[in-house]
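Asker: What follows is a predicted structure for the sequence shown.
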Amino acid sequence: MKKLALVLFVLFTIGISAQDVKLPNINAIHAFAGLNIPTQEAGKDQFKFDYMRLHMDLSSDNIKVQFRHDFASNKIQLANVSKSFGNFTITAGRFLDPIWWLFPAPHTMSQTAYASSINSFTVLNDGVSVQYDDVFNDKRVTGRISIFDCDGNRNISGSVDVTLSESTHLGYFFQTRGNKTGFGLMARSSFHLLLNLEGGMVSRPTTSSAPVEFYAQNQAKITDKLSIWLQGDFQADSETISTIRTMIGTAYQYSANSHLKLFYNFTDKLAVAKITFYL
């Protein structure tokens, strides 16, 4: 599938060159990074970059090209070509998995960690993706599905994001990984500046222990730039519920998509501090 994705990417690019010899428009160039700040004794991970990326968007008529390289891992994050056909968009190459469109990007999120239950899902796919976007009864619905290679298997991933109101979203998702399947939902709603709730559940039928994982979190917006977060991650089987992680923390947005974050993990008794940059 990686070879197929590469071939499709090349063919799309050649197609662009054949149809239009003009240089593409540069829609955006961004650089962003996330840096861990030490909160305890010296260790090899002091001031370690979680990510340090350069992103570029190019376009020509209704064809778009994305490229993103992560210097922290020295890996290509995104390299894809997309073409729109009305409400449909087809993407080939390396792209963000449909599930992760439901959650904030690392450079936009003010938490220090994603929910544990969704971390096992593939983040980047090498393959082909189709997106459908439309409005039904004043509710925007965006559906995505991809076919991709991972761990030597051909897999499928999909998600549906429903905007119920300006402050309320519902998301449904699934992904296959060989003979394993994970699926779940997330709900996000804002009732008050101090009550911005999100929760989600993931079920993995092929997992023998703790087949269900779920999370809950709340963002209390103290000011436009300062937020206090409370997060909890849990596992459940037929008899018990166990805590994976509970955290509380604060995040200050000192510039667009740039945060200072300080969280305390009660489960691991560990403080986590990070600073993110976005240019």
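Answerer: Arrived safely, thanks for sending.

Asker: Y215: what secondary structure?
Answerer: Judged by DSSP: H, G, I helix; E, B strand; the rest coil, the three-state class of Y215 is strand.

Asker: tell me which residues in stretch 26-43 are buried?
Answerer: Residues 32-36 are the ones in stretch 26-43 that count as buried (16 or more other Cβ atoms under 10 Å). Placement of C-beta: from N, CA and C, glycine included.

Asker: Return the subset of the residues you listed lying in strands.
Answerer: 32-36 (DSSP state E).

Asker: so what's L185 up against?
Answerer: Taking Cβ atoms under 8 Å, 6 or more residues apart in numbering as the criterion, L185 is in contact with 170-173, 200-201.

Asker: would CSV of these with distance to I244 be doable?
Answerer: Converted to CSV, the contacts of L185 look like this (distance: Cβ to Cβ, whole Å):
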residue, distance to I244
L170, 24
G171, 21
Y172, 23
F173, 20
G200, 13
M201, 13
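
Asker: which one of the residues you listed is nearest A113?
Answerer: For the contacts of L185, the residue nearest A113 by Cβ to Cβ is G200; the value is 14.1 Å.

Asker: tell me which element the closest one falls in.
Answerer: strand 195-203 (DSSP states H and E).

Asker: so what secondary structure elements neighbour that strand?
Answerer: Contacts defined by 3 or more Cβ pairs under 8 Å, 6 or more residues apart in numbering; DSSP states H and E place strand 195-203 against strand 180-192, strand 212-221.

Asker: looking at these, which is buried most?
Answerer: Across the helices and strands packed on strand 195-203, the average number of neighbours (mean count of other Cβ atoms under 10 Å) peaks for strand 212-221, which reaches a mean of 19.

Asker: dump the residue contacts of the residue nearest the centre of the chain.
Answerer: Nearest residue to the geometric centre of the chain (Cα atoms, centre = their mean): W100, 3.5 Å. W100 is in contact with 121, 123, counting by Cβ under 8 Å, 6+ apart.

Asker: Mind pulling up the pLDDT for it?
Answerer: In this model, W100 is scored at 96, pLDDT.

Asker: Can you verify it is assigned to a strand?
Answerer: No: using three-state DSSP, the secondary structure at W100 is helix, not a strand.

Asker: circling back to that earlier point, residues in contact with the strand holding G200: which ones?
Answerer: Residues outside strand 195-203 that contact it (Cβ under 8 Å, 6+ apart): 115, 117-118, 171, 182-191, 211-221.

Asker: correct me, but T176 touches S157?
Answerer: Yes: counting by Cβ atoms under 8 Å, T176 touches S157, with 7.4 Å between them.
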